[in-house]
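Asks: got a structure for you, letters missing:
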């Protein structure tokens, strides 16, 4: 069953692009309750398991990092840190988003693109993260050794670079020199700012 694209809707659903094919998969950002990210992810993944094989074609992602913390008594423990609190990244079609996801009780709304021009009725388009940025983010989260810092707004960036060694070899981003002289690799995440990780300057090569 095909659903015709809808030009406008409420903020919880977001505004579709009339010229975008409904079957195109994109990364959307769903807003959920604080500290419920993993529970909501698990619920969505359970729905996928229950679906017919030909319908198991959307993906749910919560960026999580294992970090070592030192308690007041000096003991160390490993904790999980959610990089983007109260958010789920969902890769699906517009049809799936509207039909299967947006009305679930634990999905508060979908993030909209605040930079987009409003329609005549005051609506904005739903926010979409490019596939290339999501691949880079997942690579940094899964393979990077350093602590990841999320900057909620764009920060001044230097040259475009590529990692030339180690587990992140081939990952592209931008170089950032911090005030203390350290070198950071930065990747953009549209609508959400940047993710940065400290890295040895010798592991970066400037791209032409």
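Replies: Perfect, thanks for sending it. Bear in mind that the values here come from a model prediction, so they are computed numbers and not experimental data. Numbers count the residues shown, from 1 in each chain.
Asks: from here on, contacts and neighbour counts on C-alpha atoms
Replies: Fine.
Asks: So for the helix or strand harbouring residue 197, what gets flagged as buried?
Replies: According to DSSP states H and E, residue 197 maps onto strand 193-198. By neighbour count with 16 or more other Cα atoms under 10 Å, strand 193-198 contains the buried residues 194, 195, 196, 197, 198.
Asks: Ok, stretch 78-94 next?
Replies: 82, 83, 85, 86, 87, 88, 89, 90, 91, 92, 93, 94.
Asks: And for stretch 101-108?
Replies: Applying 16+ other Cα under 10 Å to stretch 101-108 flags 101, 102, 106, 107, 108 as buried.
Asks: mind putting these in CSV, pLDDT included?
Replies: As requested, the buried residues of stretch 101-108 are exported to CSV (pLDDT from 0 to 100):
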residue, pLDDT
101, 92
102, 93
106, 96
107, 96
108, 96
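Asks: And those, which is closest to residue 73?
Replies: Within the buried residues of stretch 101-108, proximity to residue 73 (Cα to Cα) peaks at residue 106, which comes in at 37.5 Å.
Asks: Measure how buried residue 120 is and give me the count.
Replies: 8 (other Cα atoms under 10 Å).
Asks: And it, its phi and psi?
Replies: phi -60, psi -30 (degrees, to the nearest 10).
Asks: what's near enough to touch it?
Replies: Residue 120 makes no contacts at all, as judged by Cα atoms under 8 Å, 6 or more residues apart in numbering.
Asks: for the worst-scoring helix or strand of the chain on mean pLDDT, which positions count as buried?
Replies: Least confident helix or strand of the chain, by mean pLDDT, DSSP states H and E, is strand 64-70 with a mean of 85. Across strand 64-70, burial judged by 16+ other Cα under 10 Å covers 64, 65.
Asks: Which strands border whichever helix or strand comes after that strand, and is each parallel or antiparallel?
Replies: Helices and strands here follow DSSP H and E; after strand 64-70, the next one along the chain is strand 76-82. The strands beside strand 76-82 in its sheet (DSSP bridges) come out as strand 64-70 (antiparallel).
Asks: now the helices for this structure?
Replies: For the chain, applying DSSP state H gives helices covering 37-50, 94-96, 131-143.
Asks: If you compare the directions of the longest one and strand 76-82, what angle comes out?
Replies: Same thing as helix 37-50. Put simply, helix 37-50 runs at 60 degrees to strand 76-82, going by axes from the mean of the first three to the mean of the last three Cα atoms, to 10 degrees.
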